[in-house]
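Participant: here is my input, please return the structure:
(chains A, B, C and D)
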Amino acid sequence: MLPILAKLFIYGVLFLSLVAALGVVLLPNIFHAALCLVGTLLGIAALYLALQAEFIAVVQVLLYVGAVMTLVIFAIMLTHRIGDMTIPQTNKQSLPACLALFAFVVLIGGLLLKTDWSILVGTGGSVASVNPPVDTFMLGKALLGEYVFPFEVVSVILIAGLIGAIVVARKD
Amino acid sequence: MIDEPVLHDTDTLEVNLGPQHPSTHGVFRMNVKLEGETIVSLKPIMGYLHRNHEQIAENMSYLGSMPYTDRLDYFNSMSNNFGYALAVEKLANIEVPERAQYIRVIMAELTRLVNHVSVIGFLLNDLGAFFTPILYAFREREKILDIFEEIAGSRMMCNYLRFGGLKLDLPPSVLDRIKKIVQGFPKFLDEFEGLLTKNEILCMRCQNVGILPYDLAVSASITGPMARASGVNYDIRKIDGYSIYNRLKFRVPLGKVGDVYDRYMIRILEMRQSVWILEQVLKEIPEGPIINPKMAAFAKAPRNFKPPKGEAYGRVEAPKGELGFYLVSDGTPQPWRYHVRAPSFINLTVLEDLCIGHKVADAIIILGSIDIVLGEVDH
Amino acid sequence: MFGVLRGMGITFKNFVASYFLPRKPNSLETGGMVTLQYPEERLPEKERFRNFPFLIYDTKPDDLRCVACDICAKECPPKCIYIVRDNDEQGRPLKKPKVFDIDFTVCMNCGICEEACPFDAIFMDHEFEVGGPERQQSLVYHMDQLLKPATHFAKIRPTDHVAIEEKRRKEAEKKRAAAQAQPKPPEAKPPQA
Amino acid sequence: MIFLDQIFVNSKKAILNLASAFLPTDAILIVSALISIGAIAAFGPFTMMYLTWFERKLVGRIQNRIGPNRVGIFGLLQPIADGIKMLTKEDIVPAGADKVVHFLAPVVVVIPALLVFSVVPFGRNMVAIDLNIGLLFFLAVSAMTTIAIFMGSWASRNKFSLLGGMRTVAQLVSYEVPMVLAAVPAILASGSLSTVDIVEAQGGWNGLKWFVFTPWGFVGFLMFYLCGVAECNRTPFDIPEAESEIVAGFHTEYSGMKFALWYMAEFMSVFTISALTATLYLGGYQGPWLPSWAWFMIKTYALVFVMMWFRGTLPRLRVDQMMGLAWKFLLPLTLINILVTGLWYFTSGLGLRLGLSIGILLVSSWVLVLFNRPYMPEKRVYEFAE
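Facilitator: Predicted structure coming up:
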């Protein structure tokens, strides 16, 4: 019974995330679209959780929902008379867009099919029984041990980016 | 330190603070343009409580306006009565008996305590201290209002002064109760100051916010504690020495910066001076009549009181500033012209100058520190 | 930091005091709670307290002191008193009002009617719990609602009652003496101090 | 003793044993989860209801008043009366509002407030899920509140709400940073992100080896608690709903039960923030003599009491000052505190440890105070004219 419930949960979440993702591109109101994006991100976090990647899930929520989306919505709210804006999100280039989408689906789908997922699926076939190959501890060790140099480089680049943003934004 | 507002080319947001707003102290409206949260323009809009006070008074016997003056600045009806009585007494050249003078000063100073203590309470409430200071203030205010009720029959709308004296004498034993209040008041002030005066948050919020420079205070004819906080040595009690003030010892506290904090502190220091005045007056109060017998004759027929032709301007140092009544008499029972110099109204005129460049939150406390009562602003 | 702590100390002191000190509404001392549980507990009424006016009668409601002279209506600053003098069958004016209405929505409790009345007929009442289900009608008080006996006045304002009874007694004596000597109309009373 | 300590855990086990007689194993897992969820879903709103009563009573007492006293003995039924009142009130949606988002916002705000209860260790073995990243889960989920407040403020179509929303975002985002950093010393000391492990790490000295008794723990405790107060929009950081300035901030346009939901979220986060502070630095359920859940409740309610006490005393800060406090004072100090925690574990000898850490903390806070000179109060002397 539990595996069925778990599957139901996963497919439900998947469905909701897809609906929300469609909302992101189709809704005329930017604010609504941004809220749908929050929904999508939360759905993805729920999927991570179902895969027992709790750390990734929580980081997803903390960073994307908590920080990035907040800033996105904040930026939207500061724009000019946002409340009145209902812009149609479709334009005349829907055909090329569909083609591009199709190409993307083929590419990703091909990759998905070609990849060997056997390690992650595990032997039992049930998602709930999979042991996560990485846990927080290993992740931390890897980040501050093996990959400490790239990690530090990335943080330096980020700081440089932040300072650059401040410099660009300041006018005086 | 308030930095100069850096203006980016974003949209301004126009917000109407009031007329229904928790902190506009009545039906007052501020049309505020915001740049982020910084105020770039502020337009005070008043008149929601306009009651045609002056015109009504010009169609009424002189005494008939006395209860209306209660309703000008409904926190300080005794001071308003005092100012109006002084103007009429000047107009009709009426002597006031000694005991009445003393009682008037007691009432005026008690009113000042009531007013300042509540203003500070409201100011702190505007700052966000959730009702605690204002309720402590009201606790003390109740004691004084009880005295007013016992003496004049009403807590706030006293209608107690009469031209040439007072309506009634003090009831027995009330002087002892006043003495007890005056004795206990410094203790309360210490508690009240301990609550927030040295509080870092209060200092951060109030210091260097809403600075009123000396020159602007003088040229905008700001009076009362607000002017004194900017260092203007202007206290009608000292300048005119009306009633028995020229015989009393007291000092006038003066601020240096003229910000919200100074206005707060000046009020507290003034309360301490008022306590000093009250102590002196209560010690020296004489026995005697409470109303000029000539005027007592008009009690049953206020309409027969006809001051001679002429004009007079009577002013008092009301808790909010210089409260003046200008009267022109044409010899009839009604004043030909009746004009009120309302301190709240005139002090409010500098609001925009004080607020520009500050945040919305500051505008609220600046308004609170100006100490307005809409009854007086919109008289 | 210390300013914050001091303020918190004071509020804490008040908090603790509210449990250990007795509740003292209407007291000159500080400390303890000051709440008055209003409808059950009431403050003692101050004698001079004034709210809305009432008309006084001595023994029975027909025998009221008011002579419908209209002075109070004229002196009333907000003009909330409306009086119509009563007539007898022949149409001659009687010394009593037919209609005596006070609009309590307009009345501002100043007490000038009481001061101005030469006949001690109108006084300020202590009754303050007047409320109505709608905006005005129930607050326009008619004569039957306004009339109250002299004993009510004696109860709410004993000191004034004694003084006024004394004054009325003297006047009545004077009037009787004058009537015995030579009938003449009543003259204006000496002002009340 | 152990019986009392584990009374709730054992009663849950008893129910499960009972249920296992006639339910399959899989269903037992679901029942177990449902019991935990039910306990939290009942406890959260109940806490909120009585916190409103508690706050009104407490602030009333501070202000020489009695507080609620009419409904039931000590006014204990007041929250229920309030609830009935809220339910029967007219639900007003402004004409220009975005109706869907306006409706969703109070619903969304309650979800994270309830979710965070799941990682709070109420007592020994009394945690709904012992996530190995419990603390991170708490912070991540509570960050979602921002979005909900934003939805409400934007959808109300009211300028006061909008201002309140902007203030909220600015405040919550900036206080999140020092809050996470202030939690780091506890994580360093216990070596785990799990709330249960953090509490267990403070179990020495007969259950009194709380982190708050170390210099870094004390500083961390103060910082975390202050940031927590800011995170739940309480005085002196209540600028998002500053009553005297922007009416009621983001919930200006809410009435009836929707308003009650905002309130519920706020009070539940008051409780959970206090609970988390107690967990991180005050030893959670650790303590001698009393049952573990009693200790937890005592500590949490003591912290809740302090929050309400703040409310009864302090004025609120201005927006820029509040941001200044977060970025210019709390953030550097929490970073230094992390360093001090590291030093504490790399040095040995009590004297050296104490001297070093107290010294560094004092000097650095003094330096920070010097840097923030413009925000410090000036002393003033007043002249008197004769």
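Participant: quick check: domain ranges of chain A?
Facilitator: Per the record, chain A has its domains at A:1-81, A:131-172, by automatic domain parsing.
Participant: and those, which is most packed in?
Facilitator: Ranked by mean neighbour count under mean count of other CB atoms under 10 Å in any protein chain shown, those are led by domain A:1-81, which reaches a mean of 17. (Each C-beta comes from the backbone N, C-alpha and C, glycine too.)
Participant: mean confidence for it?
Facilitator: The average pLDDT within domain A:1-81 is 81.
Participant: how far does that domain sit from the chain's center?
Facilitator: 7 Å (CA atoms, centre = their mean, to the nearest Å).
Participant: what's the closest non-adjacent residue to the residue minimising distance to the centre of chain D?
Facilitator: Nearest to the mean C-alpha position of chain D, by CA atoms, centre = their mean, lies residue D:273 at 1.7 Å. Ranked by CB to CB, 6 or more residues apart in numbering or on different chains and with sequence neighbours excluded, the top spatial neighbour of residue D:273 is residue D:228, at 3.8 Å.
Participant: tell me how far the residue nearest to the centre of chain D lies from residue B:89.
Facilitator: Using CB to CB, to the nearest Å, we find residue D:273 at a distance of 64 Å from residue B:89.
Participant: hmm, residue A:58 is touching residue D:140, no?
Facilitator: Yes: between residue A:58 and residue D:140 a contact is recorded at 4.6 Å, counting by CB atoms under 8 Å.
Participant: distance check, the closest residue to chain C within the stretch 151-300 of chain B against residue C:10.
Facilitator: At 3.5 Å from chain C, residue B:198 is the closest residue in the stretch 151-300 of chain B, using CB to the nearest CB. Using CB to CB, residue B:198 is found at 11 Å from residue C:10.
Participant: now do residue C:121
Facilitator: Applying CB to CB, the value for residue C:121 to residue C:10 is 54 Å.
Participant: before we move on, what about residue D:173?
Facilitator: Residue D:173 is 35 Å from residue C:10, by CB to CB.
Participant: neighbour-wise, which of those two wins?
Facilitator: Ranked by neighbour count (other CB atoms under 10 Å in any protein chain shown), residue D:173 and residue C:10 place residue C:10 first, with 21 against 18.
Participant: in what helix or strand does that one lie?
Facilitator: Element membership of residue C:10, judged by DSSP states H and E, is helix C:2-20.
Participant: and for residue B:368?
Facilitator: helix B:360-370.
Participant: do that helix and chain D meet at all?
Facilitator: Yes: judged by CB under 8 Å from any CB of the partner chain, helix B:360-370 comes into contact with chain D at B:360, B:361, B:362, B:364.
Participant: got the contact list for the very next helix or strand once past that helix?
Facilitator: Remark: after helix B:360-370, the chain's next helix or strand is helix B:374-377, criterion DSSP H and E. Under the contact criterion CB atoms under 8 Å, 6 or more residues apart in numbering or on different chains, helix B:374-377 has outside partners B:25-28, B:46, B:48-49, B:51, B:71-74, B:320, B:340, B:342-345, B:348.
Participant: what's the distance between the most centrally placed residue in chain A and residue A:61?
Facilitator: Nearest to the mean C-alpha position of chain A, by CA atoms, centre = their mean, lies residue A:41 at 4.9 Å. When distance is defined by CB to CB, residue A:41 is 8 Å away from residue A:61.
Participant: then residue B:267?
Facilitator: In this view, residue B:267 and residue A:61 are 51 Å apart by CB to CB.
Participant: could you look up the SS state of the closest residue in space to residue B:234 that isn't next to it in sequence?
Facilitator: In space, and not counting its chain neighbours, residue B:234 is closest to residue B:227: 5.3 Å by CB to CB, 6+ apart. Under the three-state scheme (DSSP: H, G, I helix; E, B strand; the rest coil), residue B:227 adopts helix.
Participant: parallel or antiparallel, which strands does the lengthiest strand in chain C pair with?
Facilitator: Criterion DSSP state E: the longest strand present in chain C is strand C:93-103. Sheet pairing of strand C:93-103 (DSSP bridges) gives strand C:81-87 (antiparallel), strand C:140-141 (antiparallel).
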